[in-house]
Structures are given as C-alpha cells and as structure tokens.
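**Q** starting from these lines, generate the structure:
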Amino acid sequence: MDVRLPALSRRQLLGAAAAIAVLLILAVRHLGGGSSAAPAVAPLRAPASPRATAAKLLVVDVAGAVRRPGLYRLRSGSRIDDAIAAAGGPTGKAQLEAVNLAAPVADGEQVVVPGRGAVGAAAAVTPPAAGSSPSAPLDLNTATVEQLDSLPGIGPVTAQKIVDYRQVHGAFHSVAELEGVPGIGAGRLAQLKGLVIP
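**A** Numbering: from 1, shown residues only. As a prediction, the model looks like this:
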C-alpha cells in the first residue's frame, strides 16, 4: 500500500515544526518536565525577631562646676563621669576629688560638682565635730564618710557602709532606703529622722 502525502511547501513545514516545538515546551512546563515541581504551598518563614527595645534613657541634672549645667539624657548604666562629660566637662575650679566619678547615675539624680573658693559645695564644708549633730540635714547622696560619722548612732564603719551602698545601688530616693544598709534598723532610722535627706 502506497500512501502519498501531499507535497507541503517549505513555509508550511517550518510553521508546523514551530507549532510542534511550542506545544512540546508548553507540555514540558505544564507537566514538570521530569524535574521536581515547586511545592503547592510555600513554606512559612520564621517570624522576624522583635527589635531590641531601645536602651532606657536616664534624665540627670548636672550642676556646680561644669561648663554647661543642666538636664541631660544618658543611657542606662552610665556613670557620674559620663554625666560630667555630657555637661561639657569640669571647669578649672572643679574639685573632682570630692566626687565619685565611677558611681552609677540614677534616673532623676542631681550630680553636683563642687568648686573651689567661697562658693563651695557641701563637700568643701568641714564636717561638724564628732558627737554633735549637724545644723542642716545631710544629703545622703553627697555626704562623705566623715560627715555621716558625725550623725548620732552612726560610727565610721556604718558611715562607710552607707557610702558603699550608695555606690552599688545608686542615689537614695528616700530616707527609708537606709534600712537596706547593714547595721541600720528601724530604731536607728528613727534617730536619723530630720538629720538626713535623700
């Protein structure tokens, strides 16, 4: 049996070949062409980690013998030295030896840098004689060991404990916080009422 195909022109053969090629490409793409098909459901991405909260800012009042006294915002964990630097640094009259530069600052604290001369701060005043009570209440946040030692019922050891407590825990915000100092109980605290301020 002899089957004769009608003679096709060159143009018709090229068109048919192109159509077959397009059909093959579409079939391969639709059926996956033997490669692994993409999953029907995209995998879930892990949720982005929440941003770290911004570092807590402390507001500190820097006063005394500094170049630019005023309120400053410092990062949590800052030291007295950082507060003084934020205020432009000490002036030529500053008595930095009277300030514990390594002490941590607390929110709302006032940092006073005493100056030399007639306008001195509490650190420049000589402490009252032992056994006598001071004429004005002592500031627990700036008082020296010698000044605290002059208070009734407070000896040099307890005075040092108060200063150490202040350096570790930051500024006193109330007189009642003295109960956290070893050796000071409710009775001793009652003796100090009116003689100290936070």
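**Q** phi, psi for the most centrally placed residue in the chain please.
**A** The chain has Ser76 as the residue nearest its centroid, 2.8 Å off, counting by CA atoms, centre = their mean. Dihedral pair for Ser76: phi -60, psi 140, per degrees, to the nearest 10.
**Q** any low-confidence regions in the protein?
**A** The model of the chain has pLDDT under 70 over residues 1-8, 32-55, 117-136.
**Q** again, only using 80
**A** 1-10, 13, 27-55, 116-137, 153, 193-194, 198 (pLDDT under 80).
**Q** so where do the strands sit in it?
**A** When secondary structure is read from DSSP state E, the chain shows strands at 57-64, 70-75, 110-113, 138-139, 196-197.
**Q** picking up where we left off before, what about the closest residue to the residue nearest to the centre of the chain other than its chain neighbours, distance to Leu71?
**A** Distances taken as CB to CB, 6 or more residues apart in numbering place Lys56 nearest to Ser76, at 4.2 Å, with adjacent residues excluded. C-beta: built from backbone N, CA, C; applies to glycine. According to CB to CB, to the nearest Å, Lys56 stands 16 Å off from Leu71.
**Q** now the strands of the chain as TSV including distance to Leu101?
**A** Formatted as TSV, the strands of the chain follow (distance: least, CB to CB, whole Å):
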stretch	distance to Leu101
strand 57-64	13
strand 70-75	14
strand 110-113	10
strand 138-139	18
strand 196-197	23
